[in-house]
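A.B. asks: dropping a prediction and its sequence here:
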Amino acid sequence: MASSQMAAKPKKPFNFYKWIRSREGQQAFIIVAFSIIPLALLLIFTYYPFAEMFKFSFFKMKYVGKREFVGLKNYIDVFTRDDLFSSLKLSIYYIGGAMVQLALALYLATVLCFGVKGGNFFKGCMFFPYLINGIAIGFIFKFFYTRGFVFDTVLQWFGLELENLPYWLKDRSINNISLVGTSVWKYFGQNMVLFLGAMMSVDSELYEAAMLDGANKWQQFKYIMLPSIKTIVTLNLITSITGSLSAFEPPYVVMSGGANGTATYFVKMHEVAHTSQKVGLASAMAIVLLMIIFVATILQKVIMNYVFRSSEDEDVNAAKRREKKLAKARAKEAGK
């Protein structure tokens, strides 16, 4: 009888004021307060502008004035207008430069990781260009490549005649390669430092055990170091490729707005949006670039996961294949 009366006893009403003053309520309030502010800023300054840009991409419009709905015409123009599509193809130069940049950074990081006299000095010298403002680097290389200036003078020291040297910024067959060199010079130090930090975190006992087994430096790099830093390799590859697709400062500063066939996709987007004021077309260009970066990132992740498959994963996959073959063989025997 007493137990049934206790079960029928009504619950106390929830007291919000008492709960909010409790430790649990204060923790919940702090979590919500610290989360709602960055989420609100993200919604207001990132997702809402992106949604508006996506909407603008279906209109023929300027910053002010009337809007005309054109559907997918802006997206079609991105791939059919020669100037826009050719600027997109220039990304191939910068992607090639990114591969050279990563290979150079990985090589130098490996050399410095195994120990070099004055290593800290070389690290500082190679990382320093990354600290320089991109506009300043543009002006540096504008004079560096000018006819008869620094680069031509250095080449003449090695016996080359000035008349036989190309115009590094005027010759269309080489000017984009010259601009890619500025990006490689600026960013390879950053990649090198990231590689070096990951390499230094690898347990030194692994190298000692490999040396006792007779492994040389190349074998230590291939079988110990490289698999251990695969996450940083993937990260550097993704950031380098996405940066290549959005190259802006070298052609805009060195070539005064992308003249002489050097206007990259980002430079063209800037010109379409701010000079021609074709906001709808520029928005479509931005969406196309976002989709390309998204697809490129997924492909890189898939490829890098395939390249850096561990031996354990291969053993597991091989065991699964053997089990499937055995299951098929047993099914055939049972069918007979």
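C.D. replies: Okay, I see it.
A.B. asks: what stretches of the stretch 1-150 of the chain score poorly on pLDDT?
C.D. replies: In the predicted model of the stretch 1-150 of the chain, residues 1-14, 16-17 satisfy pLDDT under 70.
A.B. asks: can you show me the helices along it?
C.D. replies: 2-7, 16-21, 23-42, 48-56, 73-80, 82-89, 91-113, 119-131, 134-144, 150-157 (DSSP state H, counting those that start in this stretch).
A.B. asks: nearest to Gln219, out of these?
C.D. replies: Nearest to Gln219 among those is helix 91-113; the distance by C-beta to C-beta comes to 12.7 Å. The way it works is simple: take the backbone N, C-alpha and C, and place the C-beta from them, glycine included.
A.B. asks: quick check, central residue of this structure?
C.D. replies: Centroid-nearest residue in the chain, with C-alpha atoms, centre = their mean: Thr239, separated by 1.6 Å.
A.B. asks: how close does that one get to Leu194?
C.D. replies: 9 Å (C-beta to C-beta, to the nearest Å).
A.B. asks: the longest helix along the chain packs against which elements?
C.D. replies: Longest helix in the chain, counting residues (DSSP state H): helix 279-307. Secondary-structure packing of helix 279-307 (3 or more C-beta pairs under 8 Å, 6 or more residues apart in numbering; DSSP states H and E): helix 48-56, strand 59-60, helix 73-80, helix 230-245, helix 265-270.
A.B. asks: contacts for the first one, please.
C.D. replies: Put plainly, it is helix 48-56. Residues from elsewhere that reach helix 48-56, judged by C-beta atoms under 8 Å, 6 or more residues apart in numbering: Val279, Gly280, Ser283, Ala286, Ile287.
A.B. asks: please tabulate the residues you listed in TSV, including the columns distance to Ile232 and neighbour count.
C.D. replies: Converted to TSV, the contacts of helix 48-56 look like this (distance: C-beta to C-beta, whole Å; neighbours: other C-beta atoms under 10 Å):
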residue	distance to Ile232	neighbour count
Val279	39	22
Gly280	40	25
Ser283	34	24
Ala286	29	20
Ile287	30	18
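A.B. asks: ok, so of these, who is nearest Lys117?
C.D. replies: Ala286 (48.6 Å).
A.B. asks: please name the residues that touch the closest one.
C.D. replies: Here Ala286 is in contact with Met53, Ser57, Met269 (criterion: C-beta under 8 Å, 6+ apart).
A.B. asks: narrow those residues to just the buried residues.
C.D. replies: Listed as buried from these are Met53, Ser57, Met269; burial here means 16 or more other C-beta atoms under 10 Å.
A.B. asks: re the thing from before, give me the angle between the longest helix of the chain and helix 82-89.
C.D. replies: 30 degrees (axes from the mean of the first three to the mean of the last three C-alpha atoms, to 10 degrees).
A.B. asks: how near is Ser86 to Lys217?
C.D. replies: Counting by C-beta to C-beta - Ser86 and Lys217 are separated by 44 Å.
A.B. asks: and for Cys125?
C.D. replies: From Cys125 to Lys217 the distance is 23 Å (C-beta to C-beta).
A.B. asks: show me which of these two is the more surrounded one.
C.D. replies: More crowded of Cys125 and Lys217, by other C-beta atoms under 10 Å: Lys217, with 14 against 11.
A.B. asks: quick check: closest non-adjacent residue to that one.
C.D. replies: Closest residue in space to Lys217, ignoring its immediate chain neighbours: Phe114 at 6.5 Å, by C-beta to C-beta, 6 or more residues apart in numbering.
A.B. asks: do I have it right that that neighbour meets Trp218?
C.D. replies: No. Judged on C-beta atoms under 8 Å, Phe114 makes no contact with Trp218 at a distance of 11.1 Å.
A.B. asks: neighbour count winner among these two?
C.D. replies: Phe114 (14 against 9).
A.B. asks: quick one: the longest helix of the chain to helix 91-113, angle?
C.D. replies: Going by the same axes, to 10 degrees, helix 279-307 makes 40 degrees with helix 91-113.
A.B. asks: and the spatially closest residue to Met200 that is not a sequence neighbour, how far is that from Ser240?
C.D. replies: Distance criterion C-beta to C-beta, 6+ apart; nearest residue to Met200, sequence neighbours excluded, is Cys113 at 6.5 Å. Cys113 sits 20 Å away from Ser240, going by C-beta to C-beta.
A.B. asks: how about Tyr187?
C.D. replies: From Tyr187 to Ser240 the distance is 7 Å (C-beta to C-beta).
A.B. asks: can you check Leu106 too?
C.D. replies: Leu106 sits 12 Å away from Ser240, going by C-beta to C-beta.
A.B. asks: this completes my enquiry, with thanks.
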